[in-house]
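*Asks:* Here you go, sequence then predicted model.
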Amino acid sequence: MPHILKRERDRFVGFAFATAHLLVEIDLAGTVRFAAGASCGLADGPAETLVGQSLDTLVAPADREFMGHLLKRLISTGTIGLTRVRLTSYQGKPIDFILGGRRPLNGGDTLQLGLILASMLARAPEVAGQSEAERFTAAASHRLAVASEAQVEEGMTFLMLNGLQKLADERGPAALAEVLPQLMAYLRSVSAGGELASPLAPGRFGLVRARGVTEAEIVAGIEEILERAALPSPVQVFDLSFDSGGLDEADSARALAYSIRRFSEARPGGFNVRSLKDGATALLSETVKQVAAARRIMAQRRIEVVYQPVVRLTDSRTHHFEALSRISGVASIGPWIRFAEETGLIQDYDLILAEAVLSTMASHEKSGWQPMIAINLSAQSLQSSLFRARFDQITAAHAAQAPRLMIEVTETAGITDYPAMAAILRDLQARGHRLCIDDLGAGSTSLETLRSLPADYVKIDGPFLRAAIEDPREFKTLETVIGMALAHGSEIIVEQIESVDHASVASRIGAHYAQGFLYGRPTTDMIAFGHDNPDPHWQPMPFDKGKKPA
């Protein structure tokens, strides 16, 4: 009899491991007697450390009565079908599982449960306009972040097949189109869920490996396909270890997505095999650290806001201020902002800046000081409905100041749907916000942006102006751009004006406003700047709520 029971357990374990992340056996009192697989975050250690614990302590309080009913049914009927249930991690976080169970055929005093992490089965939401690689990155980032949090071993595999480019060069796109579906069909078969594989760049692929799939198996499968196509078969495989470093799921996903993008965009000759393998994991590790550091900066509000005047070119009177930021411990704000944009942290940063500026405006208003202030908001932030909802809450809490908050839209290269963005901006205008398209001529702001988006102002990038001063062709281009902006009803702001010559050229091309060291450096104290400025023409801008300044 013992050997029959052992065979039965072995058979159960074998079947269960085909699907479940965690297997547990409990006695009729609910005490865990056996555990195998991944602990899935239920224990601070391997699954075996769950032995001796009461199942009741692992179940989320709201689901304990529900679990009690499930176990009663399991005892009476001998089985329960796949059911969603919420447990609690050793850190107190809720984790959703799909649970199935059976009672041994001999009706013994144990119950056998198989648990699958429900979030591992969920797909990341698709976004309109996403490429195949972007959809894969979102789905893979979600899965690996969940796996890391739940202490389930899964990882990313990168593949480089340099022979594919040679195939396209020698035999044309049709030959490549014949091989790619065969490769993708195979890669899907060895990927988690049969769907987490995708091309990332020409000759580069990524996949989240299915459990039990080895590097040797992947290489052999690909080489067989390449051999049938009479292609050079060197396959470079790079496994990316994923460690979230304690980040939450959202930030973990952002870090991984950033690393995948950096890997995909690396120049073909920029890595050798060893440096690529080491560099991929090192990149992710460094990214995780940078995301955590950025989170600390925002949580501790180590962001100082300074203000720089934007003046009318006709009389040098201040029209409004632009809010700029400095961060304690960060030497240059530009690279930090770019990193925040690339990892999706910019949304939180933009909200912090908006709230800080509106609070400053409220405090100044008590003394009668009511200037208009511009803040930079990333196009990435504005395209997020969650960001807009939170931004609405912040502006609603400062209803008196909000109409004097001007919005400079930055990073417009990231706009995926121009009609949708235009509708978002028109809604902001309807609420009283003046809008400015930032950095025209900087490369990230296209003429499509100028044609498609409503804007009260267009800001000309400083280097664009200086290039126009030195090169007649650039000057013609600048005149064309400004003519287009004027035709759309926008006024022109030129930034980085540092000399009288710069200001003269700005006036000659039809600009209305200027910003730069010639007129004032950023300051933390707008009131002191206004009252102590030696320029006799300078004075605060008179502004009536809801009325556009002259």
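*Replies:* Sure thing, it's come through. Quick caveat: nothing in here was measured; it's all calculated off a predicted structure. Numbering: from 1, shown residues only.
*Asks:* make it CA atoms for all contacts and neighbour counts henceforth
*Replies:* Will do.
*Asks:* Point out where the stretch 451-550 of the chain drops to low pLDDT.
*Replies:* Residues of the stretch 451-550 of the chain that meet the criterion pLDDT under 70 lie in 525, 527-550.
*Asks:* What segments of it are strands?
*Replies:* Residue ranges of the strands in the stretch 451-550 of the chain, as given by DSSP state E, counting those that start in this stretch, are 457-460, 491-494, 513-515.
*Asks:* which other helices and strands contact the last one?
*Replies:* Secondary structure elements in contact with strand 513-515, counted by 3 or more Cα pairs under 8 Å, 6 or more residues apart in numbering; DSSP states H and E, are strand 303-312, strand 491-494.
*Asks:* so what strands line up beside the last one?
*Replies:* Just to be clear, that refers to strand 491-494. Within its sheet, strand 491-494 is paired with strand 457-460 (parallel), strand 513-515 (parallel), according to DSSP bridges.
*Asks:* Can you tell me which of the ones you listed is packed in deepest?
*Replies:* Stretch with highest mean neighbour count among the strands paired with strand 491-494: strand 513-515 (a mean of 27; mean count of other Cα atoms under 10 Å).
*Asks:* got any ranges where the stretch 51-200 of the chain has weak pLDDT?
*Replies:* 107, 122-130, 149-151.
*Asks:* what does stretch 57-73 rub up against?
*Replies:* By Cα atoms under 8 Å, 6 or more residues apart in numbering, the residues outside stretch 57-73 that reach it are 42, 56, 79-80, 85-89, 94.
*Asks:* picking that back up, mind putting the helices and strands packed on strand 513-515 in CSV, distance to residue 451 and mean neighbour count included?
*Replies:* Listed next are the helices and strands packed on strand 513-515 as CSV, based on distance: least, Cα to Cα, whole Å; neighbours: other Cα atoms under 10 Å:
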stretch, distance to residue 451, mean neighbour count
strand 303-312, 24, 21
strand 491-494, 14, 24
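*Asks:* Could you tell me the least trusted of those?
*Replies:* Among those, strand 303-312 carries the lowest mean pLDDT, a mean of 91.
*Asks:* for it, packing partners?
*Replies:* strand 318-327, helix 346-365, strand 513-515.
*Asks:* how far out from the middle of the chain is it?
*Replies:* Its chain's average C-alpha position is 28 Å from that of strand 303-312, according to Cα atoms, centre = their mean, to the nearest Å.
*Asks:* Go ahead and name everything in contact with it.
*Replies:* The contact list for strand 303-312 (Cα under 8 Å, 6+ apart) reads 297, 317-328, 353, 356-357, 512-516, 519-526.
*Asks:* Using neighbour counts, trim these to the buried set.
*Replies:* For the contacts of strand 303-312, a neighbour count by 16 or more other Cα atoms under 10 Å gives the buried set as 297, 317-325, 327, 353, 356-357, 512-516, 519-520, 522-523, 526.
*Asks:* picking that back up, Throw the strands paired with strand 491-494 into TSV and include distance to residue 199, thanks.
*Replies:* As requested, the strands paired with strand 491-494 are exported to TSV (distance: least, Cα to Cα, whole Å):
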stretch	distance to residue 199
strand 457-460	38
strand 513-515	45
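*Asks:* To residue 170, which of those lies closest?
*Replies:* Checking the strands paired with strand 491-494 against residue 170 by Cα to Cα gives strand 457-460 as the closest, at 45.6 Å.
*Asks:* Can you give the distance from stretch 318-328 to the centre of its chain?
*Replies:* Using Cα atoms, centre = their mean, the offset of stretch 318-328 from its chain centre is 26 Å.
*Asks:* next one: stretch 61-68
*Replies:* The answer for stretch 61-68 is 35 Å, by Cα atoms, centre = their mean.
*Asks:* same check, this time on stretch 313-326
*Replies:* Using Cα atoms, centre = their mean, we find the averaged C-alpha position of stretch 313-326 to lie 32 Å away from the chain's own average C-alpha position.
*Asks:* re the thing from before, just the buried ones from the contacts of stretch 57-73, in PyMOL syntax?
*Replies:* Selection command for PyMOL covering only the buried members of the contacts of stretch 57-73, criterion 16+ other Cα under 10 Å:
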select buried, resi 42+56+79+80+85+86+87+88+89+94
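*Asks:* Could you report the neighbour count for residue 170?
*Replies:* For residue 170, the neighbour count with other Cα atoms under 10 Å is 11.
*Asks:* The one 4 residues further on now?
*Replies:* Residues within reach of residue 174, counting by other Cα under 10 Å, total 10.
*Asks:* Just say helix, strand or coil for the nearest residue to it once chain neighbours are set aside.
*Replies:* What sits nearest to residue 174 in space, not counting adjacent residues and going by Cα to Cα, 6 or more residues apart in numbering, is residue 168, at 7.9 Å. When states are read from DSSP: H, G, I helix; E, B strand; the rest coil, the local structure at residue 168 comes out as helix.
*Asks:* what separates residue 168 from residue 179, distance-wise?
*Replies:* Look at residue 168 and residue 179: by Cα to Cα, to the nearest Å, they are 10 Å apart.
*Asks:* likewise residue 502?
*Replies:* For residue 502, the distance to residue 179 under the criterion Cα to Cα works out to 57 Å.
*Asks:* was I right about residue 136 contacting residue 188?
*Replies:* No. Distance between residue 136 and residue 188: 11.7 Å, which falls outside the contact criterion (Cα atoms under 8 Å).
*Asks:* Tell me which of these two has more neighbours.
*Replies:* Each of residue 136 and residue 188 had its neighbours counted (other Cα under 10 Å), and the higher figure belongs to residue 136 (24 against 19).
*Asks:* OK, contacts around the more buried one?
*Replies:* Counted by Cα under 8 Å, 6+ apart, residue 136 has contacts 196-198.
*Asks:* ranges for the helices of the stretch 351-500 of the chain?
*Replies:* With DSSP state H, counting those that start in this stretch, the ranges of helices along the stretch 351-500 of the chain come out as 379-382, 385-397, 418-430, 447-452, 462-470, 472-487, 500-508.
*Asks:* No more questions from me, cheers.
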